[in-house]
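Peer 1: need a structure here:
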Amino acid sequence: MTNEDKIVTMTRLALYDKKYGESDRNANSFFRHDYIYWNNFWNRAYALIGCLIIIIFYAFNRIVVNAEDIFEIDYRIEGFRILIFIIAVMFISSTISSIKSTREYSAMQKRMDEYLMLTEKLEGKGDNSDNHGADTNSKKRRR
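Peer 2: A predicted model of the protein is given here:
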């Protein structure tokens, strides 16, 4: 590897470290399932908080703005509506979060693979300089 190739490789590694390095290393410390689980956990928590805020505004609107009597409201039906609303929001947000987390993790794995390939190339493990021109790549020999 020439010095110019080494400089280009080191520049690419530095750009990766600056843009993705820390977040990819943190995410790579998890297994795929664990990474998706933790992202879904926090997404569900935020979705539940959002649902509760919407429910509070809904109740405020019915009781204060519309001036409904709190003793005339059928709480069983309202509780059922709220439960269906929360379940639907949780299902939709979990599905979207799972898809998003899976894509993020896959993209992170590809970036990490490329990063490791570049570090091996920089260290000289990725080239055939040690075998003096002999073709040791088994894929090339199969025809």
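Peer 1: hey, let's count contacts and neighbours off CA atoms from now on
Peer 2: Will do.
Peer 1: tell me, what residue is most central in the chain?
Peer 2: In the chain, the C-alpha nearest the mean C-alpha coordinate belongs to residue 101, at 3.2 Å (C-alpha atoms, centre = their mean).
Peer 1: Verify the contact between it and residue 39 for me.
Peer 2: Yes - contact status for residue 101 versus residue 39: in contact at 6.8 Å, counting by C-alpha atoms under 8 Å.
Peer 1: what residues are shared contacts of the two?
Peer 2: Shared contacts of residue 101 and residue 39 (C-alpha atoms under 8 Å, 6 or more residues apart in numbering): none.
Peer 1: measure residue 25 to residue 43 for me?
Peer 2: To residue 43, residue 25 is 21 Å away according to C-alpha to C-alpha, to the nearest Å.
Peer 1: more crowded one of these two?
Peer 2: Neighbour count, other C-alpha atoms under 10 Å: between residue 25 and residue 43, residue 43 has more, with 18 against 14.
Peer 1: Report the secondary structure state of the more buried one.
Peer 2: Of the three states, residue 43 takes helix under DSSP: H, G, I helix; E, B strand; the rest coil.
Peer 1: if I look at it, how far off is residue 94?
Peer 2: In terms of C-alpha to C-alpha, residue 43 sits 7 Å off from residue 94.
Peer 1: Go ahead and list the helix or strand containing residue 121.
Peer 2: Counting by DSSP states H and E, the element that carries residue 121 is helix 75-123.
Peer 1: Which secondary structure elements does that helix sit against?
Peer 2: helix 3-16, helix 22-28, helix 32-60 (3 or more C-alpha pairs under 8 Å, 6 or more residues apart in numbering; DSSP states H and E).
Peer 1: Out of the ones you listed, which is closest to residue 88?
Peer 2: Among the helices and strands packed on helix 75-123, helix 32-60 comes nearest to residue 88, with 10.4 Å by C-alpha to C-alpha.
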